[in-house]
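Undergrad: For reference, the sequence and a predicted model appear below.
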Amino acid sequence: MEKEEGLEERSLRQFDALVERGNLLWRMTTPQLIKADPFNFQFRSANSLTAKPILSSTDPGRSKSTNAFSDTDPDFFLSHIGSSHTLILNKYCVVRPQFLLHTNTFIPQSDHLTESDLAAAWTVLSSLTRGKYIVIYNCGFEGGSSVGHKHLQILPRPKKEEGFEFFPDLLSIDSDTSTVPKIPFRHSVKKLLLSPSAAQLVGIYKSLVEQVKVQEAAGHNVLLTEDWILVIPRTKGRKGILSANAAAMAGMVWVTGEEEVRQWVEAGPMKLLCEFGVVDQEVG
C-alpha cells in the first residue's frame, strides 16, 4: 500500500514546482550570523521581499472587509484548517517551505488572536512532524504586518548548526518564569509543558498580553512553538528602510540585501529591537 503523502512532502513538492515556474519568489541563500549579547542575530536576505506589497498604516486595505487571499493561485493551496482558516504557501518566501494561515473571512490583522486562530495554528504545528517549526503573528502595522487581512505564518525553526537559536531556546525558560533573563526589551513567555488545548492556549496568550501591557489593538508579536509561546509589545514596525516582524524581534531578521544588513549592524541590532519594541527599564 502506498504511503499517504504528508503535509511537508506535499508542501515541498508544490513549493518547488511553483519556484520552477516563477510563481513563488524564493532562492536559496546562506544566512549571515551577527554576534550580539544576550543573543546572536541571523540575517536572511530575500529578493522576494522587494516585490512584497506592504500597506501603509492608513491604507483602506487594513480595515476594508475584503478577502485579500480570495484570488490566490490554487496551486498555493494546501488545506482547509477547520471551518475558519486556510493553509497556503507564502508567495514571498524567505525560507523553504514557508506557510501562510489566513482566516477565510476578512478579520483585521490588528485584532488579537482568538481560540480558533490558535487551534488552527496548533493543528498545523502538530501536522508538521519531520522537523521543528514556529508560528509567528504580526499584530497591527506596528507589529510589522504587511497586509490587513488576519494571517499567521509558519516556518522551520533554525538548525543549531547554523549558530543561531531563538532566545527562549538559547537562554532557556522554566515553568516558573515569565521572562527570559537579560533581554533588554519587554516580553512575556510561557513554557508549554504538555500539549495544550486551544482554550488553554488562548488563556495563556491573554495572560501574556496582560503581563506586557499590550493595549487592545496595539501592535505586538506572537511566536508559538510546541515548547513555548512568546508575546512582544511593539511601538513601530519600520525605521527608514529597516523593518522588523515577529521573527526579527527574536533575532531572525529578514532583509532585501546587504545595505539593510549594514544599517542594522551600524545602528546596533539589539538597540534597534528596543526601538521597535518597548525598553525593559529593569534591564536597560
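TA: Received the coordinates, thanks.

Undergrad: need the helix or strand of this structure with the lowest average pLDDT.
TA: For the chain, counting by mean pLDDT, DSSP states H and E, helix 48-51 ranks last in confidence among helices and strands (a mean of 66).

Undergrad: what's M252 in contact with, if anything?
TA: By Cβ atoms under 8 Å, 6 or more residues apart in numbering, the contact list for M252 reads F41, Q42, R44, P158, F164, F166. All C-beta atoms are positioned from the backbone trio N, CA, C, and that covers glycine.

Undergrad: CA-only coordinates of whichever strand or helix holds the second one in PDB, if you can.
TA: Using DSSP states H and E, the secondary-structure element containing Q42 is strand 41-45. The C-alpha trace of strand 41-45 is given here as PDB (Å, rounded to 0.1, in the frame of the first residue of the first chain):
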ATOM      1  CA  PHE A  41      21.200  37.600  15.100                       C
ATOM      2  CA  GLN A  42      20.700  35.700  11.900                       C
ATOM      3  CA  PHE A  43      20.100  37.800   8.800                       C
ATOM      4  CA  ARG A  44      18.400  36.200   5.900                       C
ATOM      5  CA  SER A  45      18.400  38.000   2.600                       C
END
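
Undergrad: can you confirm V124 is in a strand?
TA: No - going by DSSP: H, G, I helix; E, B strand; the rest coil, the assignment for V124 is helix, not a strand.

Undergrad: Touching, it and T86? I think so.
TA: No - under the criterion of Cβ atoms under 8 Å, V124 is not in contact with T86, lying 10.9 Å apart.

Undergrad: Mutual contacts of the two, please.
TA: In contact with both V124 and T86: L101, using Cβ under 8 Å, 6+ apart.

Undergrad: Look up how far L192 lies from the closest residue to L201 other than its chain neighbours.
TA: In this structure, L201 finds its nearest non-sequential neighbour in L118, 4.3 Å apart by Cβ to Cβ, 6 or more residues apart in numbering. With distances taken as Cβ to Cβ, to the nearest Å, L118 is found 12 Å from L192.

Undergrad: ok, now S45?
TA: 32 Å.

Undergrad: can you pull the contacts of V94?
TA: By Cβ under 8 Å, 6+ apart, the neighbours of V94 are W26, R44, A46, S48, L49, L155, W254.

Undergrad: Would you confirm that the residue nearest to L201 belongs to a strand?
TA: No - checked against three-state DSSP, L118 lies outside a strand; its state is helix.

Undergrad: what about H80, neighbour count?
TA: For H80, the count of nearby residues is 12 (other Cβ atoms under 10 Å).

Undergrad: So it: helix, strand or coil?
TA: Under three-state DSSP, H80 comes out as strand.

Undergrad: now what about stretch 121-130, what contacts it?
TA: 6-8, 81-82, 87, 99, 101, 133, 135, 152, 154, 195-196, 198, 201, 224-226.

Undergrad: Okay, and which of these map to helices?
TA: Per DSSP state H, helices hold the following members of the contacts of stretch 121-130: L7, E8, A198, L201.

Undergrad: All set, thanks.
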